[in-house]
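> My questions concern the predicted model and sequence given below.
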Amino acid sequence: MTDAGNAANARGRRMWRAARLPLLGVCLVGAAWLGLREAPDVTSAQIRSALVTRADLEVAVEAVATLEPVDIVTIGAQVNGQIKRIAVQQGDRVRRGDLLVVIDPELQEAALEKARASLASMEAQLTARRATLAHRQSILARQRALAREDANTRLDVEQAELEYEVAKSELAVVASQIVQARLDVRSAEVNLTYTQISSPIDGEVLAIFAQFGQTLVSAQASPALLVVGNIDRMRVRARVSEADVVGLKPGVETSFSVVGVDARTYRGTLQSVELPAESLRALRQSGEGAPRGDLPVYYYGTFDVDNADHVLLPFMTADVRIVKGVRQQVLTVPVAAIRRHVGDDGATVRVVGRDGHTTPRTVQLGPVSGGWVEVRAGLDEGERVVLGRLPDELDEAEGAGQAP
């Protein structure tokens with residue numbers, strides 16, 4: 001390479017070094033500007049917040065309930081025999097006295113004939129015993145007349161008296177047997193009527209367990225044949241835990257909704273609070289030595305509602321809300337402001353200061369109702385609390401979820 005070429009290369013390298021410093025400064029400024037854009041201040045308007053306000057707060061119990069007709073009857077068989085006819089289908093409307101099931105009456109008709117024959121036999125025996133008694137009475141009178149004339153002995157009179165008393169006792173026995181025979185006839189007549197099973201209430205056939213030709217043996221257990229219920233009025237039985245039942249009294253307002261019945265809320269008034277049979281059985285079977293804490297106890301809060309349009313069906317599940325009372329003008333915040341719980345009724349929230357920065361604070365909570373919670377201590381009216389997580393917390397959570 002010539003001396004002129006070397007000189008030119010040297011001048012080019014000096015010019016690149018001189019231009020490199022301003023270019024590096026421009027890149028650094030641009031990177032800083034982009035970094036500021038991608039890291040917004042968490043105290044900006046992006047924070048979702050809500051004011052601490054005073055409001056009336058309903059203290060309510062949330063529970064799951066089962067619907068059932070107020071009038072519901074499981075109908076069984078009271079006599080033996082084979083089912084000859086099922087006169088209804090599931091879903092049929094029936095009135096009191098309508099025929100439901102017919103059982104073969106042959107056994108009951110035979111039993112009735114036998115009872116009537118036994119009664120007739122007893123009545124014939126009664127007639128004979130009456131004749132015998134009249135005969136013994138006439139013999140006794142004759143023996144007493146002869147005794148007054150010394151025409152017989154004292155032994156003859158005593159024998160006549162004995163035979164008269166025996167005849168009178170035998171008549172009394174037959175008379176009592178006739179009473180029993182008449183009762184047997186009446187029982188057989190009633191059993192014959194049991195072969196035609198009728199509905200005891202107005203309602204709807206909710207279930208049919210019987211089958212045509214099925215043989216029933218009622219002596220072992222009364223077999224269930226059908227279920228009839230009147231769904232014009234339904235009973236709501238809400239299952240309430242022992243922790244929530246305290247303070248629950250008849251007369252308070254209730255409401256519930258059912259899955260599938262959109263935008264409709266049913267209302268009623270609590271009628272009773274009952275200890276269910278399963279809890280009583282559990283307590284009885286546990287024994288005196290069983291620890292009380294091992295036995296969760298549930299109660300049923302019950303109330304009735306009208307169902308004239310028959311939208312509500314038996315054994316549906318309902319979400320029930322029972323109002324215990326109203327706490328008036330208490331401090332409240334949205335439940336979304338609660339970040340974590342501390343102890344039994346403590347929690348932490350983040351309070352937005354006047355400068356826009358947030359600080360954690362411990363508060364004491366009260367009842368929760370409809371997405372709002374009472375604050376008993378730790379906040380003042382008019383303060384602002386953060387709802388949900390802050391943006392930097394969301395970034396940390398996403399990073400933790402993506403970490404290997």
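The structure has been received and is ready for your questions. Numbers count the residues shown, from 1 in each chain.

> Tell me where this protein has helices.
3-38, 106-148, 154-193, 242-245, 277-286, 391-402 (DSSP state H).

> And the ones you listed, which one averages the lowest pLDDT?
Looking over the helices of the chain, mean pLDDT reaches its minimum on helix 3-38, with a mean of 40.

> Can you tell me the closest non-neighbouring residue to residue 362?
residue 348 (5.5 Å; Cβ to Cβ, 6 or more residues apart in numbering). Backbone N, C-alpha and C define where each C-beta goes, glycine included.

> In this structure that neighbour contacts residue 340, no?
Yes. Using Cβ atoms under 8 Å, residue 348 is in contact with residue 340, at 5.5 Å.

> show me what contacts the residue nearest to residue 362?
Going by Cβ atoms under 8 Å, 6 or more residues apart in numbering, residue 348 touches 338, 339, 340, 342, 360, 361, 362, 363.

> need these in TSV with distance to residue 239, neighbour count and pLDDT, can you?
Output for the contacts of residue 348, formatted as TSV (distance: Cβ to Cβ, whole Å; neighbours: other Cβ atoms under 10 Å; pLDDT from 0 to 100):
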residue	distance to residue 239	neighbour count	pLDDT
338	27	18	88
339	32	17	84
340	30	9	80
342	30	13	78
360	38	11	90
361	37	15	90
362	35	12	90
363	32	23	92
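
> Take those and lay them out in JSON lines including distance to residue 67.
Formatted as JSON lines, these follow (distance: Cβ to Cβ, whole Å):
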{"residue": "338", "distance to residue 67": "34"}
{"residue": "339", "distance to residue 67": "39"}
{"residue": "340", "distance to residue 67": "38"}
{"residue": "342", "distance to residue 67": "40"}
{"residue": "360", "distance to residue 67": "46"}
{"residue": "361", "distance to residue 67": "45"}
{"residue": "362", "distance to residue 67": "43"}
{"residue": "363", "distance to residue 67": "40"}
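
> Closest to residue 353 out of these?
residue 361 (10.7 Å; Cβ to Cβ).

> Please tell me how far the closest one sits from residue 382.
Separation of residue 361 from residue 382 (Cβ to Cβ, to the nearest Å): 15 Å.

> so what's the closest residue to residue 49 other than its chain neighbours bridging to?
Using Cβ to Cβ, 6+ apart and skipping residues adjacent in sequence, the residue nearest residue 49 is residue 384, 4.8 Å away. In this entry, residue 384 is beta-bridged to residue 51, residue 352, by DSSP bridges.

> Residue 384: what's it in contact with?
49, 50, 51, 52, 351, 352.

> For burial, what's the neighbour tally of the fifth one?
Other residues within reach of residue 351 by the criterion other Cβ atoms under 10 Å amount to 20.

> thought residue 321 was touching residue 59?
No. At 11.0 Å, residue 321 and residue 59 do not qualify as touching, with contact defined as Cβ under 8 Å.
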